[in-house]
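Colleague: What follows is a protein structure lacking sequence information:
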């Protein structure tokens, strides 16, 4: 039995539809890299909040700590349910030497990520690694080492140096 043109066309259509729906269902950021994306589907408040987070990460990378912090705080004001804003604030707090506040932001980010499991998987290494850094600051010399090792195993290209740079999150 040979396959007619109609069957071939229908099969091609199904393949295109499946590929399109798979691409549309992908989470924000890459599971491999755990980066924040401005192309996220979502409401205008989330997109605006993410733009502010990215501006904050750029400011952090340029050494403009006060501007970065204000961008992150504004991102939280615009969308209090944005886990990326909390994650970026946690990273920023560690960079300026406030591990206690970093843990508070990490706890909040984890709660928000729990409602979005695909995102949680994409950013899990960052949450674990940042928590390890905070614990290392609060409980030297061995505090957080197991968490940092877990982050290294999950994402060696980013956590190999035991630090999450602003550009690595962006």
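Modeller: Thanks, I have it. Since this is a predicted model, take the numbers as computed values, not measurements.

Colleague: Using neighbour counts, pick out the buried residues of the helix or strand where residue 121 lies.
Modeller: Using DSSP states H and E, residue 121 maps to helix 117-138. By 16 or more other Cβ atoms under 10 Å, the buried positions in helix 117-138 come out as 119-120, 122-137. The C-beta positions use only the backbone N, C-alpha and C, and glycine is treated the same way.

Colleague: Name the next helix or strand following it along the chain.
Modeller: Later in the chain than helix 117-138, the nearest helix or strand by DSSP H and E is helix 145-154.

Colleague: And that next one, what does it pack against?
Modeller: Secondary-structure packing of helix 145-154 (3 or more Cβ pairs under 8 Å, 6 or more residues apart in numbering; DSSP states H and E): helix 117-138, helix 156-159.

Colleague: Same list (those helices) but as JSON lines, adding distance to residue 48 and mean pLDDT.
Modeller: Below are the helices and strands packed on helix 145-154 laid out as JSON lines (distance: least, Cβ to Cβ, whole Å; pLDDT from 0 to 100):
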{"stretch": "helix 117-138", "distance to residue 48": "18", "mean pLDDT": "90"}
{"stretch": "helix 156-159", "distance to residue 48": "26", "mean pLDDT": "93"}
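
Colleague: In CSV: the ones you listed, plus distance to residue 50.
Modeller: Shown next, in CSV, are the helices and strands packed on helix 145-154 (distance: least, Cβ to Cβ, whole Å):
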stretch, distance to residue 50
helix 117-138, 12
helix 156-159, 19
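
Colleague: tell me which residues of stretch 74-89 are tucked away?
Modeller: Buried residues in stretch 74-89, counted by 16+ other Cβ under 10 Å: 74-76, 78-79, 82-89.

Colleague: any chance of those residues in TSV, plus secondary structure, distance to residue 169 and pLDDT?
Modeller: Formatted as TSV, these follow (DSSP: H, G, I helix; E, B strand; the rest coil; distance: Cβ to Cβ, whole Å; pLDDT from 0 to 100):
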residue	secondary structure	distance to residue 169	pLDDT
74	helix	17	98
75	helix	13	97
76	helix	16	96
78	helix	19	97
79	coil	17	95
82	coil	14	93
83	helix	12	94
84	helix	8	92
85	helix	12	95
86	helix	12	96
87	helix	7	96
88	helix	7	96
89	helix	11	97
